[in-house]
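Sequence first, then the predicted structure, then my questions.
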Amino acid sequence: MPSIEYEGSCVCGQTSYTAFDLNDISYCHCEQCRKMTGHFMAASQVSRENIKIKGKIKWFYTHEGSRHGFCDNCGANMFWQNDNKPTISVTAGSIDDSKELRTWHHIFTEEKGCYYNINPKEPQSEGYGNSKIDE
């Protein structure tokens, strides 16, 4: 199966990336992600070897080993990574054309905001654990 190329950028265009073989979209409802984004985080994970980032990124550690990456100019939240894992996540909204990407799962659902609902037919878990479908 051929690799699918994805491109993305921030609001001002100063920071951009090209990535191959993005995973489907994960939605993280943890309190940290909600405070960082103003809602829940929607992101796609990719192997660090499959992404090339152009521009200057400002990294902010939310806790040991976990950091968010922002465009140094406009402040757009574009990346998340755990320093101990070989992947990086790109925010779904920064992807120029999401082509074939679909919902993978919702994580940290026990921390979700009370002002919205999650589709009960989509895979969910209360932490990083195995996803489940509530029926």
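Looks like it arrived, so ask away. Computed from a predicted structure; not experimentally measured.

Which parts of stretch 105-114 count as buried, going by neighbours?
Neighbour counts using 16 or more other Cβ atoms under 10 Å place 105-109, 111-112 of stretch 105-114 among the buried residues. Just so you know, the C-beta spots here come from the backbone N, C-alpha and C atoms, and that holds for glycine as well.

between those, which is closest to residue 81?
residue 107 (15.6 Å; Cβ to Cβ).

Do I have it right that the closest one meets residue 32?
No: contact criterion Cβ atoms under 8 Å: residue 107 and residue 32 do not qualify, at 11.9 Å.

what are the ranges of the helices in the protein?
Remark: helices assigned in the chain by DSSP state H are 31-37.

Specify the beta-bridge partners of residue 70.
On the basis of DSSP bridges, residue 70 takes part in beta bridges with residue 58, residue 77.

quick one: contacts for it?
By Cβ atoms under 8 Å, 6 or more residues apart in numbering, the contact list for residue 70 reads 57-60, 76-78.

Now the buried members of those residues.
Among those, the ones that count as buried by 16+ other Cβ under 10 Å are 57, 76-78.

Next, name the residue at the spatial heart of this protein.
residue 43 (2.1 Å; Cα atoms, centre = their mean).

That residue contacts residue 88, doesn't it?
No: with contact defined as Cβ under 8 Å, residue 43 does not count as touching residue 88 (9.5 Å).

Find the residues that touch each one of these two.
residue 80.

so how far is residue 114 from the residue nearest to the centre of the chain?
Distance, residue 43 to residue 114, using Cβ to Cβ, to the nearest Å: 22 Å.

so where is this structure shaky, pLDDT-wise?
Scanning the chain for pLDDT under 70 picks out 1-2, 129-135.

Walking through it, point out its strands one by one.
For the chain, the strands defined by DSSP state E cover 5-9, 16-20, 25-28, 41-47, 51-54, 57-63, 66-71, 77-82, 87-91, 103-107.

so can I have a markdown table of those showing distance to residue 97?
Below are the strands of the chain laid out as a markdown table (distance: least, Cβ to Cβ, whole Å):
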| stretch | distance to residue 97 |
| --- | --- |
| strand 5-9 | 7 |
| strand 16-20 | 12 |
| strand 25-28 | 14 |
| strand 41-47 | 12 |
| strand 51-54 | 16 |
| strand 57-63 | 22 |
| strand 66-71 | 19 |
| strand 77-82 | 16 |
| strand 87-91 | 13 |
| strand 103-107 | 17 |
